[in-house]
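In: coords please:
(chains A and B)
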Amino acid sequence: MTAEADNAELFEAISADFAARIRAGEQASISEYASKHPELAEEILELFPGIEAMEAIKGHRLSTEVRLPSSVDPEIDRLGEFAIKGEIGRGGMGIVYEAKQESLGRPVALKILPPSLFQNQDQVARFKREAETASRLEHEHIVPIFAVGQEAGIHFYAMQLIHGRGLDALFLDGSWLPKLADGFGLSKAKLVARIGLQVALALEHAHSRGVLHRDIKPSNLLVEKGGKVWVVDFGIAKVLDDQAMTRSGEFVGTLRYSPPEHFHGRFDGRSDLYSLGLTLHELLTGKPAFKGPGREALLRQVQEGDLDVLPKSVPDLPRDLATIVGKATALDADLRYQSAREMADDLSRFLADMPVLARETAVFERVYRWAKRNRAASAGLTVAVLALITASIVGWWAFLSTSASLERERGAKQLAESNLLFSLQAFDDLFDAIAGRDQALLMSDEGFSEVPVLPAVSEKDLDLLQRLLVFYDGFALENATNERLRLDRGRALRRVGDIHRWLGEFAAADEAYLASLDVYAEAKADDLEVDPMELAILHKDRGHALGDEGESDAAREEFGHAIRILLLELESEAKPRVQFELARVHNAIGALLASPELSLLDHSAPESPRRGRPRVRRVSAEVETEHRQAMRLAEDLLQEDPDNPELAFLRARSKRYLAQAIFRRGDVVAATALIAEAKIILEDLAELFGEVPDYRQELIESLIMMAALHPKTERAQETGAEAVEAARALAIAYPETPRYSELLARSLRHLGQALAESAESMDSENLGPAAQALNEAIDLRLSLWERFPYAEHHLWELVMASRSLAAVEQTSGNLVDAAEILELVLLDLEAEAAASTRIPLPVAGIFRDLASLYQEMGEAELSQEVRERARETLARRRR
Amino acid sequence: MDESQIEQGIKELRQGNDSVFADLYSFYRPRLERSLQMRMDARLRGRIDVDDLLQDCYLAAAKRLQHFRSSVEVSLFVWLRSISMQTLVDAGRHHLQAKKRDAAAEKSLDANRRGANGTSSQVPGELIGQLTSPSAVAMRAERAQQLEASLARLPEIDREILILRHIEELSNNESAEILGIHKAASTNRYRRALRRLKETLEALPDFDPNQRT
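Out: All right, here's what the predicted structure looks like:
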């Protein structure tokens, strides 16, 4: 062998070793290699940088992990009262040290964040805020944060020291999961479910307090020897995320576990559940759900959520657990668990060997994912999904009705009928499952009146409802002549009405309710027993449909029917229920009379003398009477049943309506007293039954009302801020319910207005927060309006918030911005041909605002023109 | 399976025992996966599943074991890799045929074919920034771009061996076999390529040979 070849072999050996060390993530120094191999030193120094560069290129292509912050100066051995003992580990966004909190003598884990994150005061403040919010969480599966601090330019927070390891670290040892499972005598699937359950419970707690985790992934889940799981780093990811987004449009946080909607800037409780689902998926399959190669490919996989269907890759996996993970990782957030509670419940059921509630959406999901991957084909998505749903519902229906008509023999016919009833029941359950998500529809007495936000459902639910409609319609039609199914037919027709109402098709709803009433009337004429309560509620619902349609008189008549039926039942055994319904109908009448213009809360309204003021006064008196009756009924009922929360709730709500009516005739003092009483009741309820969103919603309504009652006071700011906080928590906990987003938008508007008013008079520091609140209100409102263009109320709110924002900008001296805001609103109004709305919109007022703005900007001509438009608008309205 | 078992397995395979092939294949599978991923055109990713390719490759290889037995010179891994590359070309062709009218697709088909024949034209242009602390994101992305651009500037013959050695992580022997040259020649080519890469890197404004990127 020649010396040259010898040399070549040695070079190969050394360079292979060097590359292997880089690949293993070790520190490999070129000069060290050079000094160890002097005979090749020159070549090493010349060529190894190229090896490093190549490995770096590959690293860039492959890597998606967040680079660690540079280590803390080793000289530093303490931060504030924390004496640092040693490094425990490095996570995605910080180094964790074991330390001792000397004041308390307790060991803590100290997480030190990279200094690059804190380049200005905003970022520092945001981090502190997030950490402090997270530190208020107390839950057995959430690692408590003890302190947040800054020392010598180093930002850190201290948390409980957990003697456990991150799931990611455990994962490196492929056998840990089976070993741990063996240790507990559990199957691997059950162990994974137990881990998932503990995390879901932690998420439930945090979500109910308005805190999202935003970075659920194996390394943020610590497992103790005993199997207890702790979730760490709540909400911290948001800080990084916001910054990264604004800085360079890049994502930080671990991309791999991000839900697809995150890429569109959306993140809610269901997004955390998605990340949890992916983590469980990884535990079950033994490899990350998405793995690249390269950031671009990974990004695409994550965005497309292109998951292996579980049962395929893990053959012996229990079907129910696969279904749970599948549901949690549905691409479309509407198809996931809607709350952490639901997911925790299903995991518990699985662990207890009970059937889970999640349904296999496998086919549905597969079609969805497939369509998402094949963008060209996604036009066909709706068709495909609809076809599937139609097949499942119409197909079943066709099968049942065919078998019913074919089986002439008596016994078989009965069987066919009982099958029909069974399916009716099944679809009722399905309907309730959808309806249950937006209780506002079925529970409220005043859907259209209080705030005409129509019950809102996701598009998937709409499809489903429409398919259900086919079923109910078919049921009613096919069984028109079947004596035994007469009352069931009436019930089906009522469902048809409910669904139409839900879909915003009020005329069709009215028709169906009417048909249902006919069925019941005929049945009664034939001496069949019809439940009077059912009948009364049917009348009430028809009243709502008519009211929604703008047929106030007819609606009033229906409510009258309901009241008469209920009054006849007052002596029956069901008296409390009758009284309860009666109170609700009274509230409905009051709300109907006040609707729509009287129900809108506007700071300036009571003072401004309006045309038709006497009518307002007369109607107000009637409205008052209705709500007073409702309130009395609730109070009577409470005498018998003082601990019933529903009754207390009814009482509080009646009080608020009454307060609103009294406020309209200008008696602020009486209104304040009433709303204060309502607030006390509701605070108790919200405290005792924090899980009932209706109570929290009502409390927020009373806070908003309180803010509106006392404009220009500090109280308005305080209650406004309180309402915003509570509404935000609700909106986060129930992202599916637009009503809560609406509530948040409204709270924000009131808070913004209160802040703006105080800024005008004294406190110019409030201008910034005011603008912020109003901007958020407008953003939310715009998205609501986009989804529910038929709800005029959104437009009205949009106008109010925009006008306030323009005023804030004007006060701040941003005249051009202010003018632009108003111009945009006018465009919206024109686009909507606002003249046709039932809600009076202050169009002339906006023109006047704009005119004075143009004046201030020195645009006299424009100002004159706009002033002219204001006059025209007023003149048109007088005509 | 350890090295000696692999050697024993390959010997049995050559002697006509087909039953050891599945185990041998699963031993090489991760490396084949890496090569496929690295060679796959960006536009095919997400459309073609590497698992499917590996499956196809397995089936194709299992059918042609006789071919392996008759090619005494070739190592099992290199033989499998060449089949996997053929699978990739076929899949790309099949996938892109549907889009023949699409000029971009045509181009990527060409690029892919060259890439799979042992050249590296596919690789540059895929400039991927590394995620890191926000302040460094832009800097790192820029650095990565510079490195990629330096690589792209090399003659194809240099680029190819660097990609075999570092991106696909093949040994010198394997690289030599794939390129059809003697292993000493392969080492020389490798050294020359590293030297040229360093020259291009030094042309970069802030290149510091001692600083790890």
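In: hmm, A:S572 is touching A:L566, no?
Out: No: using Cβ atoms under 8 Å as the test, A:S572 is too far from A:L566 to be in contact (10.0 Å). Backbone N, C-alpha and C define where each C-beta goes, glycine included.
In: name the residue in those two with the higher neighbour count.
Out: Under the neighbour definition other Cβ atoms under 10 Å in any protein chain shown, A:S572 and A:L566 were set side by side, and A:L566 has more, 27 against 12.
In: ok, that one to chain B distance?
Out: 62 Å (Cβ to the nearest Cβ, to the nearest Å).
In: mean confidence for the strand or helix carrying that residue?
Out: Assigned by DSSP states H and E, A:L566 belongs to helix A:552-568. Averaged across helix A:552-568, pLDDT comes to 91.
In: after it comes which helix or strand?
Out: Following helix A:552-568 in sequence, per DSSP H and E, is helix A:575-594.
In: what is that following helix packed up against?
Out: Judged by 3 or more Cβ pairs under 8 Å, 6 or more residues apart in numbering or on different chains; DSSP states H and E, helix A:575-594 is in contact with helix A:532-549, helix A:552-568, helix A:613-640, helix A:645-664.
In: could I have the helix or strand where A:A806 lies exported to CSV, CA atoms only?
Out: Assigned by DSSP H and E, A:A806 falls within helix A:792-811. What follows is helix A:792-811, C-alpha atoms only, in CSV (Å, rounded to 0.1, in the frame of the first residue of the first chain):
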residue,chain,number,x,y,z
GLU,A,792,-78.5,43.5,12.5
HIS,A,793,-77.3,43.9,16.0
HIS,A,794,-73.7,43.3,15.0
LEU,A,795,-73.8,46.3,12.6
TRP,A,796,-75.2,48.5,15.3
GLU,A,797,-72.5,47.5,17.7
LEU,A,798,-69.9,47.9,15.0
VAL,A,799,-71.0,51.4,14.4
MET,A,800,-71.0,52.3,18.1
ALA,A,801,-67.5,50.9,18.7
SER,A,802,-66.1,52.5,15.6
ARG,A,803,-67.6,55.9,16.5
SER,A,804,-66.0,55.7,19.9
LEU,A,805,-62.7,54.6,18.5
ALA,A,806,-62.8,57.5,16.0
ALA,A,807,-63.4,59.8,19.0
VAL,A,808,-60.4,58.3,20.8
GLU,A,809,-58.2,58.7,17.8
GLN,A,810,-59.3,62.3,17.4
THR,A,811,-58.5,63.1,21.0
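In: ok, for A:A131, nearest residue in space, not its chain neighbours?
Out: A:V148 (4.2 Å; Cβ to Cβ, 6 or more residues apart in numbering or on different chains).
In: list the contacts of the one you found.
Out: Neighbour list for A:V148: A:F127, A:K128, A:A131, A:E132, A:S135, A:F156, A:Y157, A:A158 [criterion: Cβ atoms under 8 Å, 6 or more residues apart in numbering or on different chains].
In: picking that back up, most tightly surrounded among the helices and strands packed on helix A:575-594?
Out: A comparison of the helices and strands packed on helix A:575-594 by mean neighbour count, using mean count of other Cβ atoms under 10 Å in any protein chain shown, puts helix A:645-664 on top with a mean of 25.
In: circling back to that earlier point, give me the phi and psi for the residue nearest to A:A131.
Out: Phi and psi for A:V148, reported as degrees, to the nearest 10, are phi -120, psi 140.
In: sorry, back to before: possible to save the helices and strands packed on helix A:575-594 as JSON lines with distance to A:L827?
Out: Converted to JSON lines, the helices and strands packed on helix A:575-594 look like this (distance: least, Cβ to Cβ, whole Å):
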{"stretch": "helix A:532-549", "distance to A:L827": "28"}
{"stretch": "helix A:552-568", "distance to A:L827": "31"}
{"stretch": "helix A:613-640", "distance to A:L827": "31"}
{"stretch": "helix A:645-664", "distance to A:L827": "31"}
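In: between these, which one is nearest to A:I142?
Out: Set against A:I142 and scored by Cβ to Cβ, these come closest in helix A:645-664, at 28.5 Å.
In: buried residues, the helix or strand following the closest one. List them.
Out: Per DSSP H and E, the first helix or strand lying C-terminal to helix A:645-664 is helix A:668-688. Across helix A:668-688, burial judged by 16 or more other Cβ atoms under 10 Å in any protein chain shown covers A:A671, A:T672, A:L674, A:I675, A:E677, A:A678, A:K679, A:I681, A:L682, A:L685, A:A686.
In: dump the residues you listed to CSV, plus distance to A:G286.
Out: Below are these laid out as CSV (distance: Cβ to Cβ, whole Å):
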residue, distance to A:G286
A:A671, 64
A:T672, 63
A:L674, 62
A:I675, 58
A:E677, 60
A:A678, 56
A:K679, 54
A:I681, 54
A:L682, 50
A:L685, 48
A:A686, 45
